[in-house]
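Engineer: Requesting a structural model of the entry that follows:
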Amino acid sequence: MTAISAVPIVPVEIAEPWLLILLSPATRVLAFAWGALWGSFSNVVIHRVPLGESVVWPASRCPQCRSAIKPYDNVPIFSYLWLRGKCRQCGTSVPLRYVTVELLAGVMSFALYMQHVYVPLLEGDAPRVAAWLLWFTFGLSLLAITYIDLDYWIIPDGIVLPLCGVGLLLAGLRPEILNLRLAEALGAAVAGYALFAGIRWLYLRMRGIEALGLGDAKLLLMVGAFTGPVGLVWTIGAGALQGLLVSVPLLRAGKRVANQELRDVHGDDPELGEDDPDRVMGQRVPFGPFLALAAIEFVFARRFIETWVYGFVGG
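Structural biologist: The predicted model follows:
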């Protein structure tokens with residue numbers, strides 16, 4: 001029995017005004033706008049959290065001239081296009097990443113709204129508004145983790161550990177929201193962490209090299225708590241495969257996967273060892289972004305992946 005069938009969605013009667021609101025085109029536009037707004041906040045998280053700065057104060061500023069960004073210049077997507085990607089005060093170019101993150105967050109929120117609210121209503125099921133918001137929070141955290149890992153080779157505890165706690169709490173108190181029971185969530189979280197932490201320990205003990213960072217292990221802790229055993233296996237397997245498919249062509253072309261070299265960020269940490277020939281073409285590659293990509297894929301294709309996995313195991 002899959003996790004989805006174990007916790008069925010019970011249809012309920014929806015009042016007509018709410019039905020019209022939830023199915024209206026305007027609400028779908030608002031779902032995209034909601035995501036883009038939080039994508040703008042994610043840019044703050046990506047920039048400040050690795051530096052140990054507050055994400056609340058001070059208000060957004062231009063990194064070049066330090067002038068405060070006015071509210072009308074801080075509208076997601078629109079302000080970037082209106083100002084042609086430049087600071088109004090000093091004319092410094094704003095990295096394309098900022099609008100990319102806002103767009104990705106907006107599209108993710110819209111897609112999850114369609115998946116958990118709009119389509120269930122069309123099929124006669126109850127809208128799962130809480131599931132939409134929680135899966136969006138999960139996806140938004142993966143988006144921030146991806147860019148932080150590409151820049152700084154770290155996965156912040158302040159993101160993954162609280163989300164892990166949220167996933168386990170929901171699995172224990174409201175398993176129908178994430179379609180996951182506590183035993184599955186807890187088992188997958190512990191297994192994901194133990195696997196990567198164990199690989200790291202073996203490499204350090206036997207070869208004196210840090211093959212995997214504990215950040216990746218903690219990321220799997222969060223992923224397991226939200227997606228369960230099947231999501232964990234998919235994240236590890238698909239993440240590793242896609243990591244190779246992306247990394248090998250880039251490295252062959254003489255390009256880096258990360259935005260900075262590991263030693264440029266973390267210095268001469270003795271645990272890093274020399275370049276390990278067992279890694280991708282002898283180069284270190286951040287694994288977090290590929291794990292995050294695979295986890296997002298599972299969120300959107302969960303029913304198909306779980307059906308295929310349980311069918312394969314059962315048949």
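
Engineer: contacts, neighbours, all on C-alpha from now
Structural biologist: Will do.

Engineer: neighbours around Trp201, how many?
Structural biologist: 19 (other C-alpha atoms under 10 Å).

Engineer: Secondary structure element holding it?
Structural biologist: In this assignment (DSSP states H and E), Trp201 forms part of helix 182-206.

Engineer: what mean pLDDT does that helix have?
Structural biologist: Mean per-residue pLDDT for helix 182-206: 91.

Engineer: just stretch 260-279 next, same as before
Structural biologist: On average, stretch 260-279 scores 58.

Engineer: Likewise for stretch 28-41?
Structural biologist: Mean predicted confidence for stretch 28-41 is 97.

Engineer: How far does the helix holding Trp201 sit from its chain's centre?
Structural biologist: Remark: helix 182-206 is offset 19 Å from the chain centroid, using C-alpha atoms, centre = their mean, to the nearest Å.

Engineer: Show me what that helix is packed up against.
Structural biologist: Contacts defined by 3 or more C-alpha pairs under 8 Å, 6 or more residues apart in numbering; DSSP states H and E place helix 182-206 against helix 157-173, helix 214-252.

Engineer: rerun that using 10 Å as the cut-off
Structural biologist: helix 157-173, helix 175-178, helix 214-252 (3 or more C-alpha pairs under 10 Å, 6 or more residues apart in numbering; DSSP states H and E).

Engineer: So, low pLDDT: which residues of the chain?
Structural biologist: Residue ranges of the chain with pLDDT under 70: 1-12, 208-211, 266-282, 313-315.

Engineer: Outline the domain layout of it.
Structural biologist: 13-127, 154-315 (automatic domain parsing).

Engineer: ranking the ones you listed by burial, who's on top?
Structural biologist: domain 154-315 (a mean of 18; mean count of other C-alpha atoms under 10 Å).

Engineer: The helix or strand hosting Asp264: how far from the chain's middle?
Structural biologist: Using DSSP H and E, Asp264 sits in helix 262-266. The chain centroid and the centroid of helix 262-266 are separated by 23 Å under C-alpha atoms, centre = their mean.

Engineer: Format the CA atom coordinates belonging to that helix as PDB.
Structural biologist: Taking C-alpha atoms only, helix 262-266 is exported to PDB below (Å, rounded to 0.1, in the frame of the first residue of the first chain):
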ATOM      1  CA  LEU A 262      35.700  25.100  -2.600                       C
ATOM      2  CA  ARG A 263      39.100  26.200  -1.200                       C
ATOM      3  CA  ASP A 264      38.400  29.800  -2.200                       C
ATOM      4  CA  VAL A 265      35.500  29.700   0.200                       C
ATOM      5  CA  HIS A 266      36.700  27.400   3.000                       C
END
